[in-house]
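> Next come a sequence and a model predicted from it.
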Amino acid sequence: MKLKHSLFTRREFLNGLLGGWLGALLASFLYPVIKFVFPPTREPDQVILPFADFRDMSPGSVKNFLWGTKPGILKKKDDGSYMAFVGVCTHLDCNVSYLEDQRKFFCACHDGWYDENGLNIGGPPPRPLRRLFLSIEGEDLIIKREGGERAEDQ
Amino acid sequence: MSLRRKKFLGTFLLISFFLSFFILEYNFAQQVTQEEQEEATQAKEGQEKIIPSPQNIKESTGIYVFVAWMWIAIFVLIYILKLKIREVDRLLKLRFLSATKK
Amino acid sequence: MKTGIQSWLDERFGLSIITKFLKEKTVPQHKHSIWYYTGSAILLFFTIQIITGFMLVFYYKPTPEGANESVARIMTEVPLGWIIRSVHSWSASFMIAFVFIHLLSPWLSKSYRKPRELTWMSGVFLLVFSLLSGFTGYLLPWDDLSLSATKVGTDIPRSIPLVGVWVTKFLRGGEDVTGDTLTRFFGFHVSIIPVFMFILLAVHIYLIQKQGMSLPLSAEAKKEKVREIPFWPNFVYREMIVWLLLLGILFSLAIFFPPSLEKAAELMAPAPEGIKPEWYFLFLFQTLKIFPAKIFFLPGDTLAVLLILLAGILFFSLPLIDNKPAERKGKIITIIALVLIVYAVVMTVWSLL
């Protein structure tokens, strides 16, 4: 029975209460399920490598390193400084390769091209290769995900 | 007391009720985390057995709050369900009576 | 809006038959009605097993190298993974406990008599599959305790003459427990057994709906009409209360008493001390222990296994044996049933001492 001035009947109120509390309880159960099914990102904040492995690179060449679960590319420029990229194509996540004679990065999946600084110059990739920030401290080469420092160092 | 005052008092009591759990569990959880951390370090040294436990105060407090909230919700739901059962049984009785009358 | 969707589906599925049936279904109310809640409790725990099982299978690696380490990862790295695993482990015990409670009711009240013979028999199969689910799941963490338990458990059928060796080979995927056993058990636990359980559940539940709820002998003898309440919504609301309480107890136990994980199993290592199976197998375990090594000319464990097998077959065929429940045969069977229940409890307790 719905009184004229009430928004809903007593039965509707009780049903709403039941549904509401049930929903709250189930939502609180849902939270751990969501956290479980979507684990936190696995990318490292920084990677420390022995500089000795990279000191004797010839200019214009690249060396791979492990960036969490992705491939990282360390490139020595002509002036002796280094650049670090995440070696994953910005189009659809394929791993890119470096063609030393052409000085370009190439993605074989859909014919994507990047120049020697990682800028996307041909094919479908929408953005340049992702840059990582590096610094050399003593014997260590430190590669960081984010850095206030300059992207390159001597 | 006016209806408004009653609502304020009611909400205040409810919030302080929940908060008190928080405060109680904070104290409790500190004790418990110490014990659990000891167990965890023992386990790491032996590397024999993994005994799961919350890692920090945030996790253990969260767990206690969750369990408390879960039981509160369950008791509230049981109360509401009892009301629903009373209503539905009453309807059943009425329908029976009205059927037999005719 | 709800009726719109309902009628849309009904035009295509013909669901109104089911909804009409559910609206008219009634449940008898008498002093033994509490047993009626056990069936849906099992369904609740089974659903929890499926959901937590889905989640665990996202991270579990079913190889000898990866198994223990992946479970360790679930318990330490994956956010709140230890709670999911704990709920899965506890819900398994709860489900099997309620399966035992659930079978007590038709067993002692003889509800398996005509026309409910197939309901009983499908139920016995469901019991066996639930126990097998527990057994296969127990190996998956691949720690030294579960490996030894599996070695013992899969060795027991070997005592059966003629076919025993083949049963053991079938379970183990070879002569011994190896990585192949793990893969096979994973397949059983995650795929093969659930498929059969779903089919059996469908048969079991269909039969119950078609034949209606049975009444205990005492109520039938009175031959008066028993008070009945509608399934929806009266009985369902009462069931919900039971579910909520069970959920609360399950989660509280799972959060405060989570299972641990021993180190990874080594196939060549000697058995660790104090191995025993899960609690639902303890009475069988103890039975095997008390049998002497040789009785007359038969080895003790062969006799024990054959006796257990015979008991199982008789248990399964109970509706065909006990077809005149009110007479002397029926009374003897009830006494035997009570003796067996006491035996199982005593054996379980004894094995824990």
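Thanks, I have it.

> Which residues of chain B lie near chain A?
Near chain A, the residues belonging to chain B are B:66, B:69-70, B:73-74, B:76-77, B:80-81, B:83-84, B:87 when assessed by C-beta under 8 Å from any C-beta of the partner chain. Every residue, glycine included, has its C-beta placed from N, CA and C.

> Whichever of these end up buried, select them in PyMOL.
Restricted to the buried members of the residues of chain B next to chain A, where burial is judged by 16 or more other C-beta atoms under 10 Å in any protein chain shown, the PyMOL selection command reads as follows:
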select buried, chain B and resi 66+70+73+74+77+80+81+84+87
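
> and the residues of chain B next to chain A as CSV, adding distance to residue C:25?
Formatted as CSV, these follow (distance: C-beta to C-beta, whole Å):
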residue, distance to residue C:25
B:66, 36
B:69, 35
B:70, 31
B:73, 29
B:74, 27
B:76, 29
B:77, 24
B:80, 24
B:81, 20
B:83, 23
B:84, 18
B:87, 20
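
> tell me the two of the residues of chain B next to chain A that are most distant?
Between all members of the residues of chain B next to chain A, the longest pairwise span (C-beta to C-beta) is found for B:66 and B:87 and amounts to 31.2 Å.

> who in chain C is up against chain A?
Proximity of chain C to chain A (C-beta under 8 Å from any C-beta) is limited to residues C:51, C:55, C:58, C:77-81, C:83-84.

> And residue A:86, how close does it get to residue C:29?
Taken as C-beta to C-beta, to the nearest Å, the spacing of residue A:86 relative to residue C:29 amounts to 68 Å.

> Show me which of these two is the more surrounded one.
The residue with more neighbours, out of residue A:86 and residue C:29, is residue A:86; 22 against 15, by other C-beta atoms under 10 Å in any protein chain shown.

> Ramachandran coordinates for that one?
Reported as degrees, to the nearest 10, the phi and psi values for residue A:86 are phi -90, psi 120.

> In contact with residue A:70, which residues?
With contacts defined as C-beta atoms under 8 Å, 6 or more residues apart in numbering or on different chains, the neighbours of residue A:70 are A:43, A:86-88.

> Out of those residues, grab the one that's most surrounded.
residue A:87 (24 neighbours).

> Name the residue closest to the centre of chain A, please.
residue A:43 (6.7 Å; C-alpha atoms, centre = their mean).

> From chain C, how far off is the closest residue to it other than its chain neighbours?
Nearest non-adjacent residue to residue A:43, counting by C-beta to C-beta, 6 or more residues apart in numbering or on different chains: residue A:68, 4.6 Å away. From residue A:68 over to chain C the distance is 14 Å, taken as C-beta to the nearest C-beta, to the nearest Å.

> Helix or strand: which one has the residue of the stretch 1-150 of chain C found nearest chain B?
As assessed by C-beta to the nearest C-beta, chain B sits closest to residue C:82 within the stretch 1-150 of chain C, at 3.4 Å. With elements delineated by DSSP states H and E, residue C:82 resides in helix C:81-109, which encompasses its position.

> Near the closest residue to residue A:39 other than its chain neighbours, how many other residues are there?
Counting by C-beta to C-beta, 6+ apart, residue C:78 is the residue found nearest to residue A:39 once chain neighbours are left out, at 5.8 Å. Neighbouring residues of residue C:78 were enumerated by other C-beta under 10 Å; the total is 21.

> picking up where we left off before, which is the next helix or strand following the helix holding residue C:82?
On the C-terminal side of helix C:81-109, the nearest following helix or strand under DSSP H and E is helix C:117-139.

> How far does that following helix sit from its chain's centre?
In terms of C-alpha atoms, centre = their mean, to the nearest Å, the centre of helix C:117-139 is set 5 Å apart from its chain centre.

> the bottom helix or strand of chain B by mean pLDDT?
helix B:3-46 (a mean of 53; mean pLDDT, DSSP states H and E).

> Next, whatever residue of chain B ends up closest to chain C: phi, psi?
Taking C-beta to the nearest C-beta as the measure, chain B has residue B:52 as its residue closest to chain C, at 3.4 Å. Note on residue B:52: backbone dihedrals following degrees, to the nearest 10 are phi -70, psi 140.

> hang on, it packs against residue C:84?
No: with contact taken as C-beta atoms under 8 Å, residue B:52 and residue C:84 are classed as non-touching, separated by 10.6 Å.

> Just want to know which of the two has more residues nearby.
In this comparison of residue B:52 against residue C:84, neighbours counted by other C-beta under 10 Å, the higher total goes to residue C:84 at 27 against 21.

> can I assume that one is in contact with residue A:34?
No: contact criterion C-beta under 8 Å: residue C:84 and residue A:34 do not qualify, at 11.8 Å.
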